[in-house]
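**Student:** whatever this is, show me its structure:
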Amino acid sequence: MAPYLVDWRSRYRGTALGVVEPSTADEVAVAVRIASAHGVKVVPQGGNTGLVGGGVPLTKHEGSQQIVVSLRRLNRIRDLDLLDNVIVVEAGVILQNAQAAARTAGRLLPISLAAEGSAQIGGIVSTNAGGTNVLRFGSTRELVLGLEVILADGSIWNGLQRLRKNNAGYDLKQLFIGSEGTLGIVTAAAIKLFPLPHSCVTTFIAVPSPAAAVRLLRYLQSELGDSLTAFELIERVCLDLVFGVVEEARDPFEQSYPWYVLAEVSATVKEVVLDDIVERSLASAFEIGIAMDAVLAQSEKQRVELWRLRDEITEAERRHGPSAKHDISIPVSRISDFLARAPATVRTHVPHARPIAFGHVGDGNIHFNVLAPAEDADCINRAVYDLVTTLGGSISAEHGIGQSKIELLAHYKDRTSLSLMQRVRRALDPSTTFNPGKLVHVPPVRGSDL
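**Tutor:** Numbering: from 1, shown residues only. Next comes the predicted model:
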């Protein structure tokens, strides 16, 4: 059972009576009914790639007995309809496999994550995962058309509709997307597909500052429109970490620059020659001083190599040692302000801290992580999140709350929002059967609450 009881960063380790591995939605429902009848809590688990401890059980002293319900055996692709442009996949399907099935059929499943080789659809839906293509296609919440969900009483809600328009009452699927398994267990999802791009250009761009990167983002959007599908900001220190652990990784440039942007442009129109358009746009960016240098991938191999520099940052950071991670979201217009103030703010409290920054700047999601001893994490977190709140941001952009940020959410979320979340959770799961100690605390029911 050991792999099911610890998260991949080994920060959270729990206990459980056992691990249940159903292979159908009906079997998940049976497991939930049996557990509920005996007062046993249920912890749904997908690929266990989360960063906030949301998919592992609590330690024994923190609550009631628990079981882990692993969804890895619900791994079938139920349907792929080219007329509806939808794929229906079970919760245990690995994202990379779903992408490959769509690609074989001539379609694009645009959800793309660094952990796509192990992340499962159920976990992606339950955490409303973002990734590198949110700029063009939106987050998971915007791509899901329907869901199949096991409720706390063991019943099955069949909401696997594939309608683009449906105004017949509440949009119930949105309750479960991003709920981190606290309201129900997602067992299948219907997800939008798109035409495969006929051409794609990937470019690694050196920029003088985050402010220049934001200006470059808006400039390229004005030149390229929604063909700009990804726009990732990377600080130089991130590349240095990757070069230290990935032997075959190579610097795209002969000299070092302070900041970089990894951008990808794609087109579904056959006649468009993207290389020329991108090169002309970059030449203009050089002239106005918002870009300093650039390389364009000349082959799929080079494209993969450039993306690997971005995708290996988290793993390289993990190998380096402990860090305080901040998956924050702020208005794009305030990104340069945040990145100018955050390092000094952190060092005021922890002088030896080493901040690093990267992320999906196109949608305001910055991963601002601080290399520092674990005992400094609480102090660093408060300093960062206080600044984020001042700038009108959120303490979690895409990783979720889990158990690592449950107290922080209670501190930074407004009272009305917290109360609404608690009331929704109590209504759908009165006994807190699902994923206890995650996302939001549910206080005991008082007479006045009935």
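
**Student:** can you list contacts of the lowest-mean-pLDDT helix or strand in the chain?
**Tutor:** Of all regular secondary-structure elements in the chain, judged by mean pLDDT, DSSP states H and E, the least confident is helix 313-320 with a mean of 89. Helix 313-320 is contacted from outside by 9, 114, 234, 238, 241-242, 244-246, 323, 356, 358, 367, 369, 371, using C-beta atoms under 8 Å, 6 or more residues apart in numbering. The way it works is simple: take the backbone N, C-alpha and C, and place the C-beta from them, glycine included.

**Student:** is residue 243 in contact with residue 252, as I believe?
**Tutor:** No - between residue 243 and residue 252 no contact is recorded; they are 11.4 Å apart, counting by C-beta atoms under 8 Å.

**Student:** more neighbours, the two?
**Tutor:** Comparing residue 243 with residue 252 by other C-beta atoms under 10 Å, the one with more neighbours is residue 252, at 20 against 15.

**Student:** for the residue nearest the centre of the chain, give me the pLDDT.
**Tutor:** A centroid search over the chain (C-alpha atoms, centre = their mean) returns residue 129, at 3.4 Å, as the residue closest to the centre. Per-residue confidence (pLDDT) for residue 129: 92.

**Student:** same check on residue 266?
**Tutor:** We have a pLDDT of 95 for residue 266.

**Student:** what residues are up against it?
**Tutor:** With the criterion set at C-beta under 8 Å, 6+ apart, residue 266 makes contact with 197, 199, 200, 201, 227, 229, 274.

**Student:** next one: residue 144
**Tutor:** If you count contacts by C-beta under 8 Å, 6+ apart, residue 144 has them with 125, 173, 177, 189, 190, 191, 192.

**Student:** go through those and name the one nearest residue 338.
**Tutor:** For the contacts of residue 144, the minimum distance to residue 338 (C-beta to C-beta) is 27.1 Å, reached by residue 177.

**Student:** wait, that closest one touches residue 124, no?
**Tutor:** No - the pair formed by residue 177 and residue 124 falls short of the contact definition of C-beta under 8 Å, at 9.6 Å.

**Student:** so which of those two has more stuff around it?
**Tutor:** Per other C-beta under 10 Å, whichever of residue 177 and residue 124 has more neighbours is residue 124, with 31 against 23.

**Student:** doesn't the more buried one belong to a helix?
**Tutor:** Yes - the assignment for residue 124 (DSSP: H, G, I helix; E, B strand; the rest coil) places it in a helix.

**Student:** quick one, what contacts it?
**Tutor:** By C-beta under 8 Å, 6+ apart, the contact set of residue 124 is 46, 95, 111, 113, 140.

**Student:** quick check: buried residues in the least confident helix or strand of the chain?
**Tutor:** Residues 313, 314, 315, 316, 317, 318 are the ones in helix 313-320 that count as buried (16 or more other C-beta atoms under 10 Å).

**Student:** also stretch 112-127?
**Tutor:** In stretch 112-127, counting by 16+ other C-beta under 10 Å, buried: 112-116, 119-127.

**Student:** please apply the same query to stretch 383-395.
**Tutor:** Buried positions in stretch 383-395, judged by neighbour count with 16+ other C-beta under 10 Å: 383, 384, 385, 387, 388, 391, 393, 394, 395.

**Student:** residues contacting the second one?
**Tutor:** Contacts for residue 384 were tallied using C-beta under 8 Å, 6+ apart; they are 324, 326, 328, 342, 345, 346, 368, 370.

**Student:** which ones among these lie within helices?
**Tutor:** Where those overlap with helices, as defined by DSSP state H, the overlap consists of 342, 345, 346.

**Student:** most neighbours among the residues you listed, which one?
**Tutor:** Neighbour counts for those (other C-beta under 10 Å) peak at residue 346, which has 25 neighbours.

**Student:** distance of that residue from residue 58?
**Tutor:** Note on residue 346: its distance to residue 58, by C-beta to C-beta, to the nearest Å, is 30 Å.

**Student:** repeat for residue 27
**Tutor:** 24 Å.

**Student:** neighbour count winner among the two?
**Tutor:** Regarding residue 27 and residue 58, a neighbour count based on other C-beta under 10 Å identifies residue 58 as having more, with 22 against 17.

**Student:** how's this structure carved up into domains?
**Tutor:** As assigned by automatic domain parsing, the chain contains the domains 1-195+413-450, 199-314, 321-408.

**Student:** so can I have TSV of the contacts of residue 384 showing distance to residue 184?
**Tutor:** Written out in TSV, the entries for the contacts of residue 384 read as follows (distance: C-beta to C-beta, whole Å):
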residue	distance to residue 184
324	32
326	29
328	28
342	37
345	39
346	38
368	32
370	35
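
**Student:** how about these in JSON lines, adding distance to residue 90 and pLDDT?
**Tutor:** Listed next are the contacts of residue 384 as JSON lines, based on distance: C-beta to C-beta, whole Å; pLDDT from 0 to 100:
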{"residue": "324", "distance to residue 90": "36", "pLDDT": "92"}
{"residue": "326", "distance to residue 90": "33", "pLDDT": "95"}
{"residue": "328", "distance to residue 90": "32", "pLDDT": "97"}
{"residue": "342", "distance to residue 90": "41", "pLDDT": "97"}
{"residue": "345", "distance to residue 90": "44", "pLDDT": "96"}
{"residue": "346", "distance to residue 90": "42", "pLDDT": "97"}
{"residue": "368", "distance to residue 90": "35", "pLDDT": "97"}
{"residue": "370", "distance to residue 90": "38", "pLDDT": "96"}
